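> the sequence isn't on hand, but the structure is:
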């Protein structure tokens, strides 16, 4: 079995071991692969592992030995699934591996917005406390999370984990999701309009679909409180970045934090780059070592199950 990893640096920049793949055959790891390098690198491979490298019908037509594509992530929009199915190629993904780490970064943003710790740390480093006439001071008043309303758009595993953490802080949780939630979820289910208008902190956790594309636009942002904070760790396509930047720069909402953008890597002309009260991290919510090890474990399990004739986490029929 010949296995090729096309963009291994994303999952494993050197702190994990690929040797777990050796039980399945010979493997070759490329840290990164440009579009014009794909066919040359996988032309005679039977298995391909990847994260963001696009696999089109044209590429597949030149790879007659390919039988299996393992996406080392949850999203698989880079793969032409219809073409894979037509050619008898099994495609798998890794769902729900990053639930805890994504929820963790959501609350890193929330607690930063609430405590203003970075603003004060930077001022202290500039001599603010040394020159203070008082034993304490604040540049912006911190707020308590107790009693604040946490809105969650989408209520899969990550949304539920965020709700769990919010309740631990004493927050009131409201949720907007397509499916009807029963009483066992112990949250208030609301409309999209209520979610945007009532939330003190609003976190996005739905799939990106035609219905959720640009869910954050003029029509929804105008519903939000000026004191409210918006958080996106799901998909950059949720956000109309130009409109959001305008709202931030004109203090129409209190702040925005995200780990995803419409274009990744970030475009130098992204309107959020210099927007006020905006925290941007470079898609690191999935990056803890423990999270990536969990991901690699499932990648290996997916391969093993496929070879045993009992494929798991298959995303095409």
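Sure, I can see it. Computed from a predicted structure; not experimentally measured. Numbering: from 1, shown residues only.

> residue 47 contacts residue 303, doesn't it?
Yes - when contacts are counted by CB atoms under 8 Å, residue 47 is listed as touching residue 303 (7.0 Å). Any C-beta I mention is one placed from the backbone N, CA and C, and that applies to glycine too.

> joint contacts of these two?
With contacts defined as CB atoms under 8 Å, 6 or more residues apart in numbering, the residues adjacent to both residue 47 and residue 303 are 24, 68, 70.

> with adjacent residues omitted, what lies nearest to the first one?
Put plainly, it is residue 24. Excluding the flanking residues, the one nearest residue 24 by CB to CB, 6 or more residues apart in numbering is residue 1, at 5.3 Å.

> which residues touch the one you found?
Here residue 1 is in contact with 24, 25, 26, 46, 47, 307 (criterion: CB under 8 Å, 6+ apart).

> what separation do you get for the fifth one and residue 76?
Per CB to CB, to the nearest Å, residue 47 is found 16 Å from residue 76.

> more neighbours: which of the two?
residue 47 (25 against 18; other CB atoms under 10 Å).

> give the bridge partners for that one, please.
residue 3, residue 68 (DSSP bridges).

> helix/strand/coil for residue 58?
The three-state assignment at residue 58 reads helix, by DSSP: H, G, I helix; E, B strand; the rest coil.

> rewinding a little: would a markdown table of the contacts of residue 1 with pLDDT be doable?
As requested, the contacts of residue 1 are arranged in a markdown table below (pLDDT from 0 to 100):
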| residue | pLDDT |
| --- | --- |
| 24 | 97 |
| 25 | 96 |
| 26 | 97 |
| 46 | 98 |
| 47 | 98 |
| 307 | 97 |
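
> strands along the protein, start to end?
2-5, 26-29, 47-50, 68-71, 90-92, 149-153, 172-176, 188-189, 201-204, 229-232, 255-258, 278-280 (DSSP state E).

> and residue 57, how far from residue 1?
Residue 57 is 24 Å from residue 1, by CB to CB.

> correction: the previous question concerned residue 28.
Applying CB to CB to residue 28 and residue 1 gives a distance of 12 Å.

> so for residue 164, which of the strands of the chain sits nearest?
If you check each of the strands of the chain against residue 164 by CB to CB, strand 172-176 wins as the nearest, at 9.0 Å.

> got the contact list for residue 3?
Per CB under 8 Å, 6+ apart, neighbours of residue 3: 21, 24, 25, 26, 27, 28, 45, 46, 47, 48, 49.

> hmm, try it at 10 Å
For residue 3, the contact set (CB atoms under 10 Å, 6 or more residues apart in numbering) comprises 18, 21-22, 24-29, 42, 45-49, 68, 70, 303.

> and residue 68, what is it in contact with?
Contacts of residue 68 by CB under 10 Å, 6+ apart are 1, 3, 24, 45-49, 84, 89-92, 302-303, 306-307, 311.
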